[in-house]
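In: Model the structure of this input:
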Amino acid sequence: MRIKETFAVIIMLLFSVFNFAQGGKKLDKIIKRDYQIIEGTISKISDKTVEYSLPGETLLISLDVSQIARIDFASGRSQTFDVSASSSANNSGPDLATAEMKPNTIAVLPVPYLNSDTQESSEDMAKFAQNDLYNKLLDKSANIFPLTVQDLRTTNSLLHKAGINHNNIDETPIEDLEKILGVDNIVAAKISYTMSTSSTASTYGSGSTTVSNNDKKIKSNDYSTTTANSQMYYYYNVYFDMYRNNTKIYSQTRKPFLNLKDSWIDSISYLLKRSPIYVKK
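Out: Numbering: from 1, shown residues only. Next up is the predicted model:
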């Protein structure tokens, strides 16, 4: 019996050491272009895919390099991925639908609107933000002369035919987008955010007192009401890029001063007015 007990103790110790080693092992980090972070162990990297396994698993998962922005290896080394070269080879073939080029024309791309915590992207907000930026350019047409803004319906129709939307717009090279849309200027924005809630409680009280004629009887009534208030705060990062003839001519990131739901709108206006296409009149 003692031998069996000793053997069982040794097995348990080995198992504990193994688990400790696994838990303390540093993992590789894959940072995707949609800001999602995946931790695991990378086993193979090729020109088109990265293969990795999740902690505690042996199953290999394949991820297209066009979805990856950077890899931070457990060793401390980092590798950045340039999607333009591989995507151009895949998407710029004879099947790429191209529109007739319209010189001095700027197109507004769909604006990804991403919750950084949940990695959820809102299609409705992406269209709303795209429309907001489009209308700002139209309102300031005199300030961006000689550029003409491409009609939003034309832009979205051509993108839809090419299978491009707010979810995969970042995976398509600007060179291909200019060919698909037939423009030589593009404005591309992106909005990421997190949310938090703050709750406060306020108590209000009132009372009344009655004294009788003989100054002996006293009647008192007291009332109190507690009101709870919740305030939602939004923390935005607004990314704003402009391209001309496949070259990035402007790139800025801004955090709104206020943490309100629509604060990103002011940041879009601020960045547009400071872009190189905007001329004060």
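
In: Give me the spatial nearest neighbour of V149, chain neighbours excluded.
Out: L137 (4.7 Å; CB to CB, 6 or more residues apart in numbering). For glycine as for every other residue, the C-beta is placed from the backbone atoms N, C-alpha and C.

In: now do N245
Out: Per CB to CB, 6+ apart, closest to N245 is D184, 5.5 Å.

In: What of F128?
Out: In this structure, F128 finds its nearest non-sequential neighbour in Y113, 7.9 Å apart by CB to CB, 6+ apart.

In: same deal with F81?
Out: In space, and not counting its chain neighbours, F81 is closest to I68: 4.8 Å by CB to CB, 6+ apart.

In: Which residues are in contact with the one you found?
Out: Contacts for I68 (CB atoms under 8 Å, 6 or more residues apart in numbering) come out as I30, I31, K32, R33, V50, F81.

In: go on, N259?
Out: With CB under 8 Å, 6+ apart, N259 has these contacts: Y233, Y234, Y235.

In: Count the residues that sit near the residue nearest to it when sequence neighbours are not counted.
Out: For N259, ignoring the flanking residues on the chain, the nearest one in space by CB to CB, 6+ apart is Y233 at 4.2 Å. Counted with other CB atoms under 10 Å, residues neighbouring Y233 total 14.

In: Tell me the helix or strand right after the helix or strand harbouring Y233.
Out: Secondary structure assigned from DSSP states H and E places Y233 in strand 218-244. Moving toward the C-terminus from strand 218-244, the next helix or strand (DSSP H and E) is strand 247-254.

In: Strand partners (parallel or antiparallel) of that next one?
Out: strand 218-244 (antiparallel) (DSSP bridges).

In: low-scoring stretches of the chain, by residue?
Out: Within the chain, the segments meeting pLDDT under 70 span 1-24, 34, 82-96, 200-228.

In: Would you map the strands across it?
Out: 28-32, 37-45, 49-53, 61-64, 68-72, 78-80, 102-108, 113-115, 120-121, 148-149, 183-211, 218-244, 247-254 (DSSP state E).

In: what angle sits between the third one and strand 68-72?
Out: If you take axes from the mean of the first three to the mean of the last three CA atoms, to 10 degrees, strand 49-53 sits at 50 degrees to strand 68-72.

In: Now do the buried residues in strand 49-53.
Out: Buried residues in strand 49-53, counted by 16 or more other CB atoms under 10 Å: T49, V50, Y52.

In: Noted, bye for now.
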